[in-house]
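Chemist: Quick one: sequence plus predicted model below, questions after.
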Amino acid sequence: MRALLQRFSFLLMVLAAIGLMMMTRADPVFIDAARARVTDAFAPILGFIARPAGAVASVLESGRQLTALYAENERLRQDNERLRQWQQTALRLEAENNSLRGLLAYKPDPAASYITARVIADPGGAFVRTLVVMAGQRDGVRRGQAAMAGQGVIGRVVQVGEWSSRILLVTDLNARIPVVLETTRQRAMLSGDNSDQPRLMYIPRGVEPTVGERVFTSGHGGLFPAGLPVGIVAATHDGETRVTPIVDLSRIEYVQLVDFGIPGGLAAEAAQPGAMQ
Amino acid sequence: MAVGVWQRLDQAGRNLVPFSTTVAAMLLGMMPLQLPDYSFVAPPLTLMSIYYWAIYRPDLLRPLLAFGIGLLQDLLAGSPLGMSALVYVLAYWLVLTQRRYFLGNSFWFLWLGFALVAVGAGAVQWLAYSLMTAHLVGPGNIVAQALLAIVVFPVPAWCFSKLHRSLLSAS
């Protein structure tokens, strides 16, 4: 009798789990709120654990760097020289751009404001590419804001709690970012598939992206502003183009959440299949 | 002498060890270690903890707790709600039916049992996720994760057994 009861309770729990999984697809708003609450509740603990983890990581990192110090130095010297030349060019172009804009009475995009937040968890698992950061509603984080680290886009905010929020990385299966190719100005969709290199989709036939060219946000859909660097075309074969994210997504300690003041709520709320909406 | 209130509190605290180590294992597993590709194949510490306690002290880690911990993990990790819960309950079930083979036998049996559970858990997750997203997810990460989990299992298992012996041996 007892064994039967036990078996029944197991069956009940299995069914409950399956039911919940189906519900995740049907009613994301309620579950989203629950996720935000729970993440908020655990954020202090996760933040506490993340500190020694960061220390361990930096020790490992410095050990690795020591072995390559000389070569790294040489490379940086060359880089620096090259970048100085670029800086001159950029300054000249900026001045030219400003004067041309003045001639055209161009209306600039609203100025962006940044929120910097520490990464406190990388819960990942085999299927989901997200980060949890220590900044939330009270810090001005809103759903749909772009997340950047260093010089490139890494994803967007998909869940906001009171003092923590979750970022869906560009490599996640559910991530879709409208992008534009640098040289051809061809629009495409950067679509994550849980691999390290997201795919470029919806490129018309005949357009062949060149390896090494950069990919920027196109600004279509109103989610991200145009012109943020996302990645570099890594390889194309059989009509499938892969893009390497410009930021090393496995080594992000701090992220910048960027509020561009774009009234793009609709696109941010657009439903997508899968777990993280 | 009658059992004092402190003694009872002490016992209650000790009885919480399986639950609290499992939650701690879950939180530790979410640490941002900043190692390339680590988080995709991070060994499932929670599964190891549930496996260990389901074998040695199932009276202190009930299946319902395993279910609850799974839900908590799903909420925190952003994975489909119910997926980890499903995996943990199924793993618990499997362990409970085969418990007498693992218990009392050598460590090799414990290890072998975990290998089976890890592979099964990976298969269930992969199937559930592929069905949910209607998208055949590449099984590479899952396979790597299961292999890594099997390889590192002795380390957490040793920690659990230390805790087990030092805090729960009297009862």
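Modeler: Looks like it arrived, so ask away. Numbers count the residues shown, from 1 in each chain, chains lettered A, B, ... in the order given.

Chemist: Would you map the helices across the chain?
Modeler: I went with chain A, as the question did not name one. Along chain A, the segments classed as helices by DSSP state H run A:2-26, A:28-67, A:69-104, A:265-269.

Chemist: Can you look at chain B instead?
Modeler: Using DSSP H, helices in chain B cover B:5-15, B:17-29, B:38-41, B:45-56, B:63-77, B:83-97, B:99-102, B:107-133, B:140-152, B:154-168.

Chemist: centroid residue for chain A?
Modeler: Nearest to the mean C-alpha position of chain A, counting by C-alpha atoms, centre = their mean, stands A:Gly155 at 1.6 Å.

Chemist: give the contact list for that residue.
Modeler: Residues in contact with A:Gly155 (C-beta atoms under 8 Å, 6 or more residues apart in numbering or on different chains) are A:129-131, A:147, A:167-170, A:172, A:175. All C-beta atoms are positioned from the backbone trio N, CA, C, and that covers glycine.

Chemist: Please enumerate residues in contact with the lowest-mean-pLDDT helix or strand in chain B?
Modeler: Scoring the helices and strands of chain B by mean pLDDT, DSSP states H and E places helix B:38-41 at the bottom, with a mean of 74. Helix B:38-41 is contacted by residues A:122-126, A:194, A:250, B:32-33, B:141, B:144-145, B:148 when judged by C-beta under 8 Å, 6+ apart.

Chemist: re the thing from before, quick one, grab the pLDDT at the residue nearest to the centre of chain A.
Modeler: Predicted confidence (pLDDT) at A:Gly155: the value is 92.

Chemist: Quick check: beta-bridge partners of it?
Modeler: A:Ala147, A:Leu169 (DSSP bridges).

Chemist: quick one: it and A:Val170, what's the gap?
Modeler: 5 Å (C-beta to C-beta, to the nearest Å).

Chemist: list residues touching both of the two?
Modeler: With C-beta under 8 Å, 6+ apart, A:Gly155 and A:Val170 have no common neighbours.

Chemist: ok, the spatially most central residue of chain B - contacts?
Modeler: Residue closest to the mean C-alpha point of chain B, counted by C-alpha atoms, centre = their mean, is B:Leu47 at 2.2 Å. In this structure, B:Leu47 makes contact with B:87-88, B:91, B:117-118, B:121, B:149, judged by C-beta under 8 Å, 6+ apart.

Chemist: run the last query once more with 7 Å
Modeler: Shown in contact with B:Leu47 (C-beta atoms under 7 Å, 6 or more residues apart in numbering or on different chains): B:88, B:91, B:118, B:121.

Chemist: Please apply the same query to A:Val255.
Modeler: So A:Val255 contacts A:117, A:119, A:133, A:147-149, A:154, A:167 (C-beta under 7 Å, 6+ apart).

Chemist: So which of those is the closest to chain B?
Modeler: Closest to chain B out of these is A:Val119 (5.1 Å), distances taken as C-beta to the nearest C-beta.

Chemist: low-scoring stretches of chain A, by residue?
Modeler: A:27, A:108-110, A:124, A:261-277 (pLDDT under 70).

Chemist: Is there a neighbour count for A:Arg138? I'd like the number.
Modeler: 10 (other C-beta atoms under 10 Å in any protein chain shown).

Chemist: ok, now which ones touch it?
Modeler: Applying C-beta under 7 Å, 6+ apart, the residues near A:Arg138 are A:162-163.

Chemist: still on that earlier bit, could you dump the helices of chain A to a markdown table with distance to A:Gly161 and mean neighbour count?
Modeler: Converted to a markdown table, these look like this (distance: least, C-beta to C-beta, whole Å; neighbours: other C-beta atoms under 10 Å in any protein chain shown):
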| stretch | distance to A:Gly161 | mean neighbour count |
| --- | --- | --- |
| helix A:2-26 | 18 | 14 |
| helix A:28-67 | 4 | 15 |
| helix A:69-104 | 39 | 10 |
| helix A:265-269 | 16 | 13 |
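
Chemist: So which of the ones you listed is nearest chain B?
Modeler: For chain B, the closest of these is helix A:2-26, at 3.2 Å, according to C-beta to the nearest C-beta.

Chemist: Could you report the pLDDT at the residue nearest to the centre of chain B?
Modeler: Note for B:Leu47: predicted pLDDT of 93.

Chemist: about what we covered before: and the contacts of B:Leu47, which two are furthest apart?
Modeler: Farthest-apart pair in these is B:Tyr88 and B:Ala118; separation 12.5 Å (C-beta to C-beta).

Chemist: So the two - more neighbours on which side?
Modeler: The residue with more neighbours, out of B:Tyr88 and B:Ala118, is B:Tyr88; 30 against 23, by other C-beta under 10 Å.

Chemist: In this model B:Ile50 seems to touch that one, though I could be wrong.
Modeler: Yes: with contact defined as C-beta atoms under 7 Å, B:Tyr88 reaches B:Ile50; the gap is 5.4 Å.
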